[in-house]
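> sequence and predicted structure, then a few things I'm wondering about:
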Amino acid sequence: MKTSSTKNKAPLKEYRKKRNFDVTGEPQGTRSGAKSAGALLYVIQKHQASHLHYDFRLEWRGVLLSWAVPKGPSLDPSVKRLATPVEDHPLEYGGFEGVIPEGEYGGGTVMLWDRGAWTPEDPDVDAALEKGELKFTLAGKKLRGSWVLVRTKLVQTKLGYGGSKKPQWLLIKHRDRYASPDDVLVDQPRSVLTKRTLAEIARAQHGDAAKAAKGDPVKAAEG
Ligand code: MN
């Protein structure tokens, strides 16, 4: 199956439909389809919404392909992290850090947790996505080296009449010199852009700091 960005002529339609831009400060994506110069953008946003998750995004064909990773990435190659595909996001979203008002879609606090460039290991990214096995190299501040996103069996969900089947993916670190048993989520919990914790980001925009703080490791809150 194709991803939404390769089959959809209006790739950001779903993104815009979910959001009220009179209320949220998230980018509308007016530069949709913009060609980037050179390297492809990679970004992870730590998002304390109703549940904490890490939004993993890879630039492809003018948008950010996006997966929500509830437990966040692991540097340990023996650990597979569930990654649920979500709607494509505009490239400008890769610069967003701040508060989404409560009651809005994704209401809560967003931190730019890591950012850099990615390189596909096979240049035919569309074929890799269709096949359900995308191998790539990350050059971020926190995540580096070789990784894979692999599609698993269709998982029955409770959504819709009679249930629908939704593809799930796994994010896995490949064995290389960047692999490690250390927990990068605990060791490097702060914003790659502003060095702030989730609670500090929330406080600065009069968001729910107590809720945001639930996503910060105890160590970060103290340090
Ligand atoms: Mn999110």
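Structure received.
> looking at this structure, which residue is nearest the ion?
The ion sits closest to residue 47 of the chain, with a gap of 3.7 Å, by C-beta to the ion. (Each C-beta comes from the backbone N, C-alpha and C, glycine too.)
> could I get the contacting residues of that residue?
Residue 47 makes contact with 53, 54, 55, 68, 106, 108, 109, 110, 111, according to C-beta atoms under 8 Å, 6 or more residues apart in numbering.
> out of the residues you listed, who's near the ion?
Filtering these for neighbours of the ion using C-beta under 5 Å from the ion leaves residue 55.
> among the contacts of residue 47, which ones are buried?
Among the contacts of residue 47, those buried by neighbour count (16 or more other C-beta atoms under 10 Å) are 53, 54, 55, 68, 106, 108, 109, 110, 111.
> okay, and which of those residues map to strands?
Counting by DSSP state E, the part of those found in strands is 53, 54, 55, 68, 108, 109, 110, 111.
> let me know the pLDDT of the second one.
If you check residue 54, the pLDDT there is 98.
> what does the fifth one give?
Confidence at residue 108, expressed as pLDDT, is 97.
> residue contacts, the closest residue to it other than its chain neighbours?
Here the nearest residue to residue 108 in space, its sequence neighbours aside, is residue 49; by C-beta to C-beta, 6 or more residues apart in numbering that works out to 4.0 Å. Going by C-beta under 8 Å, 6+ apart, residue 49 touches 100, 106, 107, 108.
> repeat that for residue 40.
Neighbouring residues of residue 40 by C-beta under 8 Å, 6+ apart: 58, 59, 60, 117, 118, 119, 120.
> what do you get if the cut-off is 6 Å, keeping everything else the same?
By C-beta atoms under 6 Å, 6 or more residues apart in numbering, residue 40 lies in contact with 59, 118.
> and it, how far from residue 78?
Shown here: residue 40 relative to residue 78, a distance of 28 Å by C-beta to C-beta, to the nearest Å.
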